[in-house]
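Visitor: sequence and predicted model, in that order:
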There are 2 protein chains.
Amino acid sequence: MKTDIEIAQHVEHTAMKPIDEIAATIDLTPDDLENYGKYKAKLTFDAIQKIKSKPQGKLVLVTSINPTPAGEGKSTVTIGLADALNRIGQKTVIALREPSLGPVMGMKGGATGGGNAQVIPMEDINLHFTGDMHALTTANDTLAALIDNHIQQGNELNIDPRRIQWKRVVDINDRALRQIVIGLGGPTSGMPRQDGFDITVASELMAILCLAEDIHDLKARIAKITVGYTYDRQPVTVGDLKVQGAIAMLLRDAIKPNLVQTLEGTPAFVHGGPFANIAHGCNSILATKMALGLGDVAITEAGFGADLGGEKFMDIASPAIGHTPNATVIVATIRALKYNGGVGVKDLTQENLAALEKGFVNLKKHIENMQRYHVPVVVAINAFSADTTAEIELLEKLCQDLGVTAVNTEVWANGGQGGEPLAKAVAKALQQPADFTPLYDRKDSVENKINAIVKTIYGGRNVEFSAKALRDLKLISANGWNNLAICMAKTQYSLTDDQHILGAPKDFTIHVREIVPKTGSGFLVVLTGNVLTMPGLPKKPAALNMDVDDNGVISGLF
Amino acid sequence: MKTDIEIAQHVEHTAMKPIDEIAATIDLTPDDLENYGKYKAKLTFDAIQKIKSKPQGKLVLVTSINPTPAGEGKSTVTIGLADALNRIGQKTVIALREPSLGPVMGMKGGATGGGNAQVIPMEDINLHFTGDMHALTTANDTLAALIDNHIQQGNELNIDPRRIQWKRVVDINDRALRQIVIGLGGPTSGMPRQDGFDITVASELMAILCLAEDIHDLKARIAKITVGYTYDRQPVTVGDLKVQGAIAMLLRDAIKPNLVQTLEGTPAFVHGGPFANIAHGCNSILATKMALGLGDVAITEAGFGADLGGEKFMDIASPAIGHTPNATVIVATIRALKYNGGVGVKDLTQENLAALEKGFVNLKKHIENMQRYHVPVVVAINAFSADTTAEIELLEKLCQDLGVTAVNTEVWANGGQGGEPLAKAVAKALQQPADFTPLYDRKDSVENKINAIVKTIYGGRNVEFSAKALRDLKLISANGWNNLAICMAKTQYSLTDDQHILGAPKDFTIHVREIVPKTGSGFLVVLTGNVLTMPGLPKKPAALNMDVDDNGVISGLF
């Protein structure tokens, strides 16, 4: 069996079209593009402006159950569904997140779909791509250096080094940088203080890049970032430091959406990549707007499960896009549901209807959650070879009982052709009325908004705020930040804040340990349980298998 | 008077040619290029191989006196000279270093030449360019994370956390990261240890990228990097960690030379950028080889003064290129020589023949040093408007007394036209025989090689090794690393290791505080005085003046 990279490289060598040709299929001219090699391009500012004013197509959001070690394949289904919609005559454009290099080198080895449903050139997209992540890392860390330099050079703004909120970032899983002490070595080497690195995708700049309308908005949001507090506990912003121009300058190209193609030539905007467990979890709103302006259907995905990425898409991204989903697809696998039903990873290839029915509760909860937004829901069963007919039929029936169509989807094995049944179901769903209803009113109190998410979406009983979180609430209130949106930071593996609790638990408590105001992106990051904003590498990192040969051909991405 | 960025933007909007057209002037086809937008390209591996086998042109090395706050303009002269040579009918191609973002945001504001002698698009080149620096930063820091992760996950190689030599890097002037403690926060967040960040251009990976012949050589050199030592004091290499493939993979595109153009359309390879004060200080040998293969004349520059970049070009880069310079140009300004003669910055616009003659000793020493390599020398007087005829004539005469032609050069004001007299002198020098003689034999002892540089090039009397440096010498000897080349790390402002001592001092001592074996790049970095491998930002960083407007137009680079 061919690996993902082998499938991708085969198509790259035989069938990949110059990006100008892909662009032409959605009425873009070479003048609309800034090429990065022959197969990648960014849109020019002129093109972005032009496309923004076009009539918009319909929006499909792809999300999933809670991820398990069994694998769900949300990106794979997103890509295959778009190929399939194009096959049945619906002009479809994809908007996806770009991979973070940290997990690529650590656990994942790649994040561009799989099998016969991938975006290409997969090596480029998984590694440096068009440099967006690097620009974000550099902009983030330049700001950090400017803050410490301000303190070093006299500290005119009276910044309290103990209350700096702005952390440095790298796009690497580097646990040793989580908690550090900087500024050692005497008076010429800075003010000693406790600090730490996050992964780049957790940076507020990433969120801002993904939410900004244009450079004007980008700069205004950057100026509003709270980097820390004075000794008098007053917020200090980037605007106070007067460096929003320099930081926005470093993101001038990163804000432009990137255009690539799927294995089957569907145009795909791959742009922006906040994680959904620690950030808001969807690609840039500009990329989604481009897909909406250029396609009759735009397909986008929300990171991890519907509890995290799905909720945030509805309550944070949708208002920013100015377009709510016309249909939602929830991806599940028979394997993952059996895993939720208590089956160990080794036994997942054996038929087990009881476990499937038991584990279905997880999918059921996510279906109900998405239905709560009054948007039509379709379930995609991402097919694995060990799935039995009885299992598939059972799952279809269980969904049917909730009034939802579940469709067996074979895009991994067969590309767009394997997604045609799903495409037809989605096309039908798009004919249904959607009557979007947000989960909470932003004017409500922070506690109430968090409670709405915990009780309605997670199914929990209550929220426990730590002493630190209670202090944070006071500070948020004192600064008039109550009206910001809520961005939960929670494990993706469970509806609770404990990654080991599967299924659809009830009567649990969510533990809020800290609330970080992100005044530039316009939300409060609510850190729950022990979710980390800097991952670590596993014992055998994917990097160990990666290589490049004398001709520049890469192996070991998968 | 127009600023550099205003001049550059004017040409970019009116006269900049698509990079394909520039490439065509040196017989490259679109298939030889990987475009990054319309005005930047990397060469493909096939093109690189093809060009390597072509007959080579002649090589001109541009270097300078010790830099002063008065400004010398080495890059400006390099670029203007190439434009001028093309004007007088010599097909000339440039090979230059790419700017490091740290100093751009800090003191410099830009490093792409000046006035009417610049490489463009200047904003792109000064900021993210084609991502080479970011790829290096990421590769360097991924390796660092893999080392700490190895220790965290059982430490099979028995690495001593107190003896890790591999530091993390950022391309930012961030003094607060010079000395840090990492791995705090308990057992899940790594092993606590003392660490520190260097600036990216000081990374051994930067040196390796600039010295590697091809991917095969790149990977072999990476495998040889010594990252630290075991508890038994045995070296641990990247090869021991088995991640040379992954690290080389991250540099697959970064190793390909970047092609841009000057304001006058001269092709310029801008690739690789080690600082000469802390690293080896010249662009990639691949870029120089491309310029040699595609031009009748290739012009390259060596960082800072002839004592640092010049010496390293002769003794480290030339053997790697397999081509020694056919002529050397030393750049000086009347202003800088008067500054060396004791005149303060404010008084430099007044004629002062006595100070000029007094400060000439600095230029004289550099002329003698370059003549020592038995390569013809030409002096370029980079003209400033306040220079008087009497001053220029005096400087010409002083050079003539040493048998060297000095040519007044007005490329800043007049571009290539202003460099024609210099171009003619250089063309004449290229007709003279060069009989390259290296400074030291690599088989000599480390102490003798350091002494040769200090006594012959710097003019010092002796070398004092610290206790740490003496221990380093023992370790180098015990590991059989005596035959490596020497890469001095020294202040660029003085021939001594004290930046405040100008002119051409004698009888001084050079203080070696540490010697770091760089077994991948094949040299020993000899740290002298208090030279820093991580700069800091000034009180008013250049970043404060930078901005990007709503249309993406950048200002504040200069």
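Guide: Yes, it's here. Numbering: from 1, shown residues only, chains lettered A, B, ... in the order given.

Visitor: from chain B, how far off is residue A:299?
Guide: Per Cβ to the nearest Cβ, to the nearest Å, residue A:299 is found 28 Å from chain B. C-betas here are computed from N, CA, C, even on glycine.

Visitor: in which helix or strand does that residue reside?
Guide: Element membership of residue A:299 [criterion: DSSP states H and E] is strand A:297-301.

Visitor: show me what that strand is packed up against.
Guide: Secondary-structure packing of strand A:297-301 (3 or more Cβ pairs under 8 Å, 6 or more residues apart in numbering or on different chains; DSSP states H and E): strand A:58-64, helix A:74-87, strand A:92-96, helix A:285-294.

Visitor: let's see it at 10 Å
Guide: On a contact count with 3 or more Cβ pairs under 10 Å, 6 or more residues apart in numbering or on different chains; DSSP states H and E, strand A:297-301 meets strand A:58-64, helix A:74-87, strand A:92-96, strand A:267-270, helix A:285-294, strand A:327-332, helix A:420-429.

Visitor: that one vs helix A:420-429, what angle?
Guide: 110 degrees (axes from the mean of the first three to the mean of the last three Cα atoms, to 10 degrees).

Visitor: state the next helix or strand along the chain beyond strand A:297-301.
Guide: Remark: after strand A:297-301, the chain's next helix or strand is helix A:311-312, criterion DSSP H and E.

Visitor: helix/strand/coil for residue A:381?
Guide: Using DSSP: H, G, I helix; E, B strand; the rest coil, the structure places residue A:381 in strand.

Visitor: using the three-state scheme, assign the residue of the stretch 351-500 of chain A found nearest chain B.
Guide: Of all residues in the stretch 351-500 of chain A, residue A:499 sits closest to chain B, with a separation of 13.8 Å (Cβ to the nearest Cβ). Put simply, residue A:499 is coil when judged by three-state DSSP.

Visitor: now render the helices and strands packed on strand A:297-301 as JSON lines, adding mean neighbour count.
Guide: Below are the helices and strands packed on strand A:297-301 laid out as JSON lines (neighbours: other Cβ atoms under 10 Å in any protein chain shown):
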{"stretch": "strand A:58-64", "mean neighbour count": "28"}
{"stretch": "helix A:74-87", "mean neighbour count": "29"}
{"stretch": "strand A:92-96", "mean neighbour count": "31"}
{"stretch": "strand A:267-270", "mean neighbour count": "27"}
{"stretch": "helix A:285-294", "mean neighbour count": "27"}
{"stretch": "strand A:327-332", "mean neighbour count": "28"}
{"stretch": "helix A:420-429", "mean neighbour count": "21"}
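
Visitor: for the ones you listed, which one sits closest to chain B?
Guide: Judging these by Cβ to the nearest Cβ, what sits closest to chain B is helix A:285-294, at 13.4 Å.

Visitor: quick one on the thing from earlier: can you add mean pLDDT and distance to residue B:552 and give the helices and strands packed on strand A:297-301 back as TSV?
Guide: Below are the helices and strands packed on strand A:297-301 laid out as TSV (pLDDT from 0 to 100; distance: least, Cβ to Cβ, whole Å):
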stretch	mean pLDDT	distance to residue B:552
strand A:58-64	98	27
helix A:74-87	97	29
strand A:92-96	98	21
strand A:267-270	98	18
helix A:285-294	98	13
strand A:327-332	98	35
helix A:420-429	98	36
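
Visitor: dump the ones you listed into a markdown table; add distance to residue A:15 as well.
Guide: Putting these into a markdown table (distance: least, Cβ to Cβ, whole Å) gives the following:
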| stretch | distance to residue A:15 |
| --- | --- |
| strand A:58-64 | 25 |
| helix A:74-87 | 13 |
| strand A:92-96 | 18 |
| strand A:267-270 | 15 |
| helix A:285-294 | 22 |
| strand A:327-332 | 26 |
| helix A:420-429 | 20 |
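
Visitor: wait, which of those is closest to residue B:198?
Guide: Taking Cβ to Cβ, strand A:267-270 is the member of the helices and strands packed on strand A:297-301 nearest to residue B:198, at 32.5 Å.

Visitor: CA-only coordinates of stretch A:377-386, as PDB, when you get a sec.
Guide: C-alpha atoms of stretch A:377-386 as PDB (Å, rounded to 0.1, in the frame of the first residue of the first chain):
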ATOM      1  CA  VAL A 377     -26.200  18.400   9.900                       C
ATOM      2  CA  VAL A 378     -24.800  15.500   7.900                       C
ATOM      3  CA  VAL A 379     -22.600  12.700   9.300                       C
ATOM      4  CA  ALA A 380     -19.700  11.400   7.200                       C
ATOM      5  CA  ILE A 381     -18.500   7.900   8.100                       C
ATOM      6  CA  ASN A 382     -14.900   8.000   7.000                       C
ATOM      7  CA  ALA A 383     -14.500   4.400   5.800                       C
ATOM      8  CA  PHE A 384     -11.800   2.000   7.000                       C
ATOM      9  CA  SER A 385     -11.200  -1.400   5.400                       C
ATOM     10  CA  ALA A 386     -12.200  -3.300   8.500                       C
END
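
Visitor: list the buried residues for it?
Guide: Of the residues in stretch A:377-386, those with enough neighbours to count as buried (16 or more other Cβ atoms under 10 Å in any protein chain shown) are A:377-384.

Visitor: and chain B, which of the residues you listed reach it?
Guide: Checked against chain B using Cβ under 10 Å from any Cβ of the partner chain, those give no members in range.

Visitor: CSV for these, including pLDDT?
Guide: CSV is the format used below for the buried residues of stretch A:377-386 (pLDDT from 0 to 100):
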residue, pLDDT
A:377, 98
A:378, 98
A:379, 98
A:380, 98
A:381, 98
A:382, 97
A:383, 96
A:384, 94
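
Visitor: what strands flank the longest strand along chain A, and is each parallel or antiparallel?
Guide: Longest strand of chain A, by residue count under DSSP state E: strand A:509-518. Using DSSP bridges, strand A:509-518 pairs in its sheet with strand A:462-465 (parallel), strand A:523-528 (antiparallel).
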